[in-house]
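> Give me the fold of what follows.
(one chain, ligands or ions: 1)
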Amino acid sequence: MNETLQGLLCDQLDALRAQHLYKPLLTVDGPSGARVRVDGRDMINLSSNNYLGLANDARLKAAAVRAVEEYGAGAGAVRPIIGNLRLHDELEAALAAFKETPAVLAFQSGFTANAGVIPTLTDAQDVILSDELNHASIIDGSRLSRAPVVRYKHKDMDSLEDALRGAKDARMRLIVTDGVFSMDGDVAPLDRICDLAGRYDAAVMVDDAHGSGVMGRNGRGTAYHFGVKDRVDIQLGTLSKAVGVVGGYIAGSNALKDFLTQRARPFLFSTGAPPAVAGACIEAIRVMQSDQTLTPRLWENARYWQDGLKRLGFDTGATETPITPVMVGDEAKTQELQRGLREEGVLALAVVFPTVARGKARVRTMPTAAHDRQDFDEALAAFGRVGKRLGIL
Ligand SMILES: Cc1ncc(COP(=O)(O)O)c(C=O)c1O
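Modelled structure (predicted):
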């Protein structure tokens, strides 16, 4: 390898290790569920985004197999050339019905949806107004745009209003926010954001990666929770969290979809979902709409888990949703907590800079509909023992 490159890589890896920011990859042998097999050991899994337990659902697996048998293993080309399968159209129709929007366009992931949509809709004459704790894919999508980006303080409506006032001469103002913030589990005040958007003539985009399947009527999302679905111009969802597979999508008007099919670069220049993915996602949407017990079970489990942690004396931060951070602060101690829990058979992974700010390290836990009381009770006992030993409790 080129020596300069090798040196740069090694120096940066050494620096990450010295700051306790290096995170080795874990390898899971088998499906994602309430328990997973890692290093030959079954462990309680509190680190997935598999909210509804659909990642290993028999109905989704059967649908994936059927799709492979009918359509093959791959789409064969980017969708605008000859890779637009009937299954892609069916998936978008199912999602549009779920979201109750005129149209949906599917992307390869939530990340590429953000990276595709934001720069396609905005240009140098526009201003992007972005919550300071928005997801990395919003930040990167905004960087790809020629529009200036104004970060407003987290969920702070005075700060957003200041930013809107400062952008009054722009051609268009686009407010972008996570619906549910991925590392803290708190919820954007979409009703107040839409009020401000109305007053300052701004468009609203909500990244509902963690809201779909979780928030609102039958898990339709954060906009439905606040009753502002018709005031949100662009909803982004993922197919990789509650839906349990992989992919992203944009829900909105027909014109929005039409324009994105002509100009969004990840749609134009990267192959669409393989048949197995599209087939499994269609089945997941069907299951989410027909089985009304999944989302309530998720919330009931989240309450049980969060109450248990609080009773032990842990700080679960600002969460209002199943995302449950166990706040520690110090990076080294957070990594120690992760290691200690792992020794006890609990997978609950540390989240450190750059995913969260320095000094705000945490172990991010995620109760799902697939967990049962025994999983939680065992995990709580382990958290109690390790928390005490490390002086966190
Ligand atoms: C808020 C938010 N947006 C977008 C994404 C990206 O989604 P995907 O995993 O489908 O690329 C994530 C994933 O972590 C997320 O948390």
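> Quick check: residues of the stretch 151-300 of the chain near the ligand?
D178, S182, D207, A209, H210, T238, S240, G248 (Cβ under 6 Å from any ligand atom). Yep, even glycine has a C-beta here, placed from its N, CA and C like the rest.
> Pick out the most distant pair among the residues you listed.
Maximum pairwise distance among these (Cβ to Cβ): 15.2 Å, between D178 and S240.
> Which one of the two is surrounded by more residues?
D178 (27 against 20; other Cβ atoms under 10 Å).
> Thought E132 was touching the more buried one, still the case?
No. Between D178 and E132 there is no contact under Cβ atoms under 8 Å: 10.9 Å.
> Can you name the residues that contact the residue of the stretch 51-200 of the chain found nearest the ligand?
The stretch 51-200 of the chain approaches the ligand most closely through G110 (2.5 Å), counting by Cβ to the nearest ligand atom. G110 makes contact with S137, D207, A209, L236, G237, T238, L239, S240, G247, G248, according to Cβ atoms under 8 Å, 6 or more residues apart in numbering.
> cutoff 10 Å now
For G110, the contacting residues are 135, 137, 207-210, 212, 236-241, 246-249, by Cβ atoms under 10 Å, 6 or more residues apart in numbering.
> List buried residues within those residues.
135, 137, 207-210, 212, 236-241, 246-249 (16 or more other Cβ atoms under 10 Å).
> Sort out for me which of those residues are in strands.
Within the buried ones among the contacts of G110, residues falling in strands by DSSP state E are D207, L236, G237, T238, G248, Y249.
> what residues are up against the third one?
Residues in contact with G237, defined by Cβ under 10 Å, 6+ apart, are 95, 98-99, 104, 106, 110, 113, 179, 206-213, 220-221, 243, 247-251.
> ok, now with 6 Å
Residues in contact with G237 (Cβ atoms under 6 Å, 6 or more residues apart in numbering) are D208, S212, Y249.
> Name the member of these with the shortest distance to W305.
For the contacts of G237, the nearest to W305 is S212 (20.8 Å; Cβ to Cβ).
> So what pairs up with the residue nearest to that closest one when sequence neighbours are not counted in the strands?
Nearest residue to S212, sequence neighbours excluded (Cβ to Cβ, 6 or more residues apart in numbering): G237, at 4.4 Å. Note on G237: beta-bridge partners Y249, judged by DSSP bridges.
> Tell me the confidence at G237?
pLDDT, G237: 97.
> so I44, which of the three states?
Secondary structure, DSSP: H, G, I helix; E, B strand; the rest coil: I44 is strand.
> burial measure for it, as a count.
Around I44 there are 21 residues (other Cβ under 10 Å).
> Distance check, the residue nearest to S212 against P274.
19 Å (Cβ to Cβ, to the nearest Å).
> and if you look at T27?
23 Å.
> what sits against V228?
Applying Cβ under 6 Å, 6+ apart to V228 gives the contacts L190, D191, C194.
> you'd agree the first one is up against F226?
Going back to what we said before, that points to L190. Yes. Counting by Cβ atoms under 6 Å, F226 is a contact partner of L190 at 4.4 Å.
> between these two, which one's more packed in?
Counting neighbours by other Cβ under 10 Å for L190 and for F226 shows that L190 has the greater number, 27 against 22.
> List the residues that contact that one.
With contacts defined as Cβ under 6 Å, 6+ apart, L190 is in contact with T222, F226, V228.
> rerun at 10 Å
177, 179, 197, 204, 206, 208, 211, 215, 221-229, 231-232 are the contacts of L190 under Cβ under 10 Å, 6+ apart.
> So for it, what pLDDT did the model give?
98.
> Pull up the gap between it and A97, please.
22 Å.
> can you check L309 too?
From L309 across to A97, the span is 37 Å (Cβ to Cβ).
> And the two? Which one has more around it.
With neighbours defined as other Cβ under 10 Å, L309 and A97 compare such that L309 has more, 23 against 12.
> The more buried one - that's part of a strand, no?
No. In this structure, L309 is helix, not part of a strand, as judged by three-state DSSP.
> got a list of what it touches?
By Cβ under 10 Å, 6+ apart, the neighbours of L309 are 315-316, 324-326, 365, 367, 376, 379-380, 383-384, 387.
> where along this structure do the strands fall?
With DSSP E, the ranges of strands along the chain come out as 35-38, 41-45, 103-107, 127-131, 149-152, 173-178, 202-207, 234-238, 248-252, 324-329, 346-347, 350-351, 361-365.
> helices or strands up against the fifth one?
What that stands for is strand 149-152. strand 127-131, helix 136-143, helix 157-166, strand 173-178 (3 or more Cβ pairs under 10 Å, 6 or more residues apart in numbering; DSSP states H and E).
> Run through who's touching it.
With Cβ under 10 Å, 6+ apart, strand 149-152 has contacts from 118, 122, 127-134, 138-139, 142-143, 158-164, 166-167, 170, 173-177.
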